[in-house]
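> Next come a sequence and a model predicted from it.
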Amino acid sequence: MSDFFDKLKKNIDKGVSKASRKSAEIAEKTKLQTQIMSLKNDKKNEINELGKVTYDMLKEGNLDEEILNLKFESIMEIEKQIEEKEERKENVEKEVEEELEEKEEVQEVEEVNDESEEITCPNCGEKNPQEAKFCQNCGHKLKE
């Protein structure tokens with residue numbers, strides 16, 4: 001019976017850990033998506049500003065390429081930041097999945113180790129803790 005509760009506890013712990021990691025992943029992805037939307041809005045505003053500056057320069061007959069290049073470089077920097085955030089967003093999911101897989105592998109190894117620390121009753125075949133002197137199922141003496 002103790003074995004059942006131990007396994008149940010491990011499965012619950014595993015589920016809680018997975019849910020916790022997934023919620024952290026969702027929070028991080030939401031944060032990054034908000035930043036991406038903000039950067040896209042900044043880019044849109046910069047493009048509009050570039051258009052206005054270009055229009056005003058052409059209207060006055062004084063096209064200053066240096067100012068236009070600075071505006072263009074500013075837009076390109078925003079695009080670079082957007083790409084970095086989108087890449088980071090994709091990597092968050094991969095990182096969480098890898099971390100979950102590693103934890104599951106460790107838990108599987110621990111379970112195997114736990115199982116190897118059990119004694120099987122020669123009388124009924126029930127698995128018992130290593131330190132048990134008598135079988136929990138039939139009462140047969142396990143150790144001399």
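Structure received. Numbers count the residues shown, from 1 in each chain.
> Please make it C-alpha for all contacts and neighbour counts, starting now.
Noted.
> Let me know whether residue 118 touches residue 125 as I believe.
No: taking contact to mean C-alpha atoms under 8 Å, the distance of 11.4 Å between residue 118 and residue 125 leaves them out of contact.
> Name the residue in the two with the higher neighbour count.
Neighbours around residue 118 and residue 125, counted as other C-alpha atoms under 10 Å, are more numerous at residue 118. The numbers are 15 against 12.
> Run through the bridge partners of that one.
In this structure, residue 118 has the following beta-bridge partners (DSSP bridges): residue 129.
> mind checking how far it is from residue 71?
As defined by C-alpha to C-alpha, to the nearest Å, residue 118 lies at a distance of 71 Å from residue 71.
> ok, which stretches of the chain are strands?
Per DSSP state E, the chain has strands spanning 118-120, 127-129. These are given in chain order.
> Run a quick neighbour tally on residue 85.
For residue 85, the number of neighbouring residues by other C-alpha under 10 Å comes to 20.
> what sits against it?
The neighbourhood of residue 85, defined by C-alpha atoms under 8 Å, 6 or more residues apart in numbering, consists of 32-33, 35-36.
> redo that, cut-off 7 Å
Neighbouring residues of residue 85 by C-alpha atoms under 7 Å, 6 or more residues apart in numbering: 32, 36.
> same check, this time on the one 4 residues further on
With contacts defined as C-alpha under 7 Å, 6+ apart, residue 89 is in contact with 29, 32.
> Next, count neighbours for residue 25.
Here the count is done by other C-alpha under 10 Å, and residue 25 has 19 residues near it.
> Would you agree it is in contact with residue 94?
No: Residue 25 lies out of contact with residue 94 (C-alpha atoms under 7 Å); the separation is 9.7 Å.
> Next, residue 137: phi, psi?
When read as degrees, to the nearest 10, the backbone of residue 137 gives phi -90, psi -50.
> again with the one 3 residues further on
Here is the backbone geometry of residue 140 (degrees, to the nearest 10): phi -60, psi 140.
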